[in-house]
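Undergrad: Build me a structure from this.
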Amino acid sequence: MKVALYARYSSDNQRDASIADQLRVCRAYAERQSWTICEEYTDHAVSGATLLRAGFQALMRDALNRRFDIVLAESLDRFSRDQEDTAGLFKRLTFAGVNIVTLAEGDITHLHIGFKGTMNALFLKDLAEKTHRGLRGRVEDGKSAGGLCYGYRVVKALNAGTVTTGEREIDQEQAAVVERIFRDFVAGMSPEAIVKALNREGVAGPFGGSWSPSTIHGNAKRGTGILNNELYVGRIVWNRLRYVRDPDTGKRVSRLNPANEWVSKSVPALRIINNELWDAAKERQKGTRRAVADGGNIGRARRPQYLFSGLTKCGVCGSGFIMASANRLSCFGARYKGICDNRLTIRRDDVEARVLRALQEKLLNQELFEEFCEEFTREINRLRMEQRASTTSAKREVARIGTRIKKLLNLMLDDEIAVDEGKVEMKALDGRRKELEAQLKTADEPPALLHPEMARIYRTKVTELAEALQQPESRLEATEALRGLVDAIVLTPAANGKELGIELRGNLAAMLGAAVQRKRPSESDDLSLQVTLVAGGGFEPPTFGL
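TA: Next up, the predicted model:
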């Protein structure tokens, strides 16, 4: 029986040695059962509340491909502590004919899934409550219950042989920057202007990089951003937010708690800003919010989504191009961060029209694309056939080696060759056989050959996509499909310095995937299409990078 081992540690067992301990006891158990261990999967410091773990995903992929018959772990909670995920794991592995065995529970059945799944979920809930209670105690003691914010540094000291945690002290250099930000804001400077000045002077941001306006203004309700951090006036506010895990993505999502659940603690030693400066900043924030609520800047506050939203990039600094007005795009790095010299703007509808026209003209260029598809199909099919031939050759050589070893044994038994001479040759043959078997074990099954008329199929699909963009009832779905074919639209100043050139970077793998009705063919993961559109002109001849 082939068995795969799985080990994981997380918040309840925070040490790397735990992985080795789990694997050691699992190996011993497998040896007692005379099972052959074919693979070992591990996840380090990853919560059991999510399945987004590299080791677990690899385990599931290989299990569904029947690379082993049994999955062995220390206990069921090593796989997952979520009831839904545990049941899904059991259902999928049972369908694949793979049994789950754990040292703690033995052979896993439906009964284990029901009871143990519930117990593991309760453990997570209890762990969260204990952690929350412990963090509140730290806040009540005037210590930090979260990460380190700008303006402070960690203080570590020995207390009765134990290193203290949660202690903070003011970083005078950063504190001076914090005070400057407040004073500039109260004096009338916008967060964008403050950020530009800091970046221009080379002042490092909270994480060592450049400053961004959101780092300054943040979110007043959630207490994020420099201007909303009450620690700067010597007050810790904790439990403002709670975090819940998205059941689909496994990511934590923050939710605002009611104000009566917040915990506040005075820490005068950590004050950086006086009350007068703080209150003046809050008053200006209120005035700004009132102006937006009255419609004075509502267009800027609620920027419309457009066809290529999020795909337009600056060719100089790499920042995104954003809506600078009702219908013009500009570089975010130049406009709000002051880190780029590309101050040219372009109409949004001009970008959309030129890109759509070029996509339809170039992607439907029959001569161009059919020629490429023919060469691409021929080359990919040649490589696949070579892969098949190589695999077949290796299998035949393994069979020949087996036959030769048997002949050598017979010759040695019949005293037709010396034993020492036979052993030397057998050892060399056995080494070669193991090498070939290892190659065959890791070799993937060659995918099917590409359809010889892929270009015609592709042309039909892109034509349908272009037509769907013109129909109101299908435009939304067609837009999503179109965005999947585009990696980026790069806007760079043209040679004359007065206009922006457009460089379209398309996902050729996704385009070819459309022709074979797959999201992205694995054999073309490294392909990209790059087409250049110069200001005032059309598309230059496209180049395909393989």
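Undergrad: Now for residue 72, how many residues are close by?
TA: Residues near residue 72, counting by other C-beta atoms under 10 Å, number 25. For glycine as for every other residue, the C-beta is placed from the backbone atoms N, C-alpha and C.
Undergrad: Is it bridged to anything, and to what?
TA: In this entry, residue 72 is beta-bridged to residue 5, residue 101, by DSSP bridges.
Undergrad: Now do it against residue 30, distance only.
TA: As judged by C-beta to C-beta, to the nearest Å, residue 72 and residue 30 stand 6 Å apart.
Undergrad: what's the answer for residue 266, then?
TA: 58 Å.
Undergrad: Same check on residue 202?
TA: For residue 202 relative to residue 30 (C-beta to C-beta), the value is 58 Å.
Undergrad: out of those two, which sits in the busier spot?
TA: Higher neighbour count among residue 202 and residue 30: residue 30, with 19 against 7, using other C-beta under 10 Å.
Undergrad: ok, the more buried one touching residue 37?
TA: Yes. Here residue 30 lies in contact with residue 37, judged by C-beta atoms under 8 Å, at a distance of 5.5 Å.
Undergrad: Check the contact lists of these two and give me the overlap.
TA: Counting by C-beta atoms under 8 Å, 6 or more residues apart in numbering, the common neighbours of residue 30 and residue 37 are 3, 5.
Undergrad: Format the CA atom coordinates belonging to stretch 101-108 as PDB.
TA: The C-alpha trace of stretch 101-108 is given here as PDB (Å, rounded to 0.1, in the frame of the first residue of the first chain):
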ATOM      1  CA  VAL A 101      -5.900   7.300   8.600                       C
ATOM      2  CA  THR A 102      -4.700   9.200  11.700                       C
ATOM      3  CA  LEU A 103      -2.700   8.100  14.700                       C
ATOM      4  CA  ALA A 104      -5.200   9.600  17.100                       C
ATOM      5  CA  GLU A 105      -8.400   8.300  15.600                       C
ATOM      6  CA  GLY A 106      -7.400   5.400  13.400                       C
ATOM      7  CA  ASP A 107      -9.400   4.800  10.100                       C
ATOM      8  CA  ILE A 108     -11.500   7.900   9.500                       C
END
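Undergrad: What's the mean pLDDT across it?
TA: For stretch 101-108, mean pLDDT is 89.
Undergrad: which residues are in contact with that stretch?
TA: Contacts for stretch 101-108 (C-beta under 8 Å, 6+ apart): 3, 25-26, 29, 70-76, 78, 90, 99-100, 112, 116.
Undergrad: Which of the residues you listed are buried? Put it as a PyMOL command.
TA: Buried subset of the contacts of stretch 101-108, written as a PyMOL selection, criterion 16 or more other C-beta atoms under 10 Å:
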select buried, resi 3+26+29+70+71+72+73+74+76+78+90+100+112+116
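Undergrad: Can you tell me which of the contacts of stretch 101-108 end up in helices?
TA: Applying DSSP state H to those, the entries found in helices are 25, 26, 29, 90, 112, 116.
Undergrad: which one of these sits closest to residue 389?
TA: residue 26 (39.4 Å; C-beta to C-beta).
Undergrad: residues in contact with the closest one?
TA: Going by C-beta under 8 Å, 6+ apart, residue 26 touches 5, 7, 72, 73, 74, 103.
Undergrad: who's in contact with the fourth one?
TA: Translated: residue 73. Residue 73 makes contacts with 5, 6, 7, 22, 26, 79, 100, 101, 102, 103, as judged by C-beta under 8 Å, 6+ apart.
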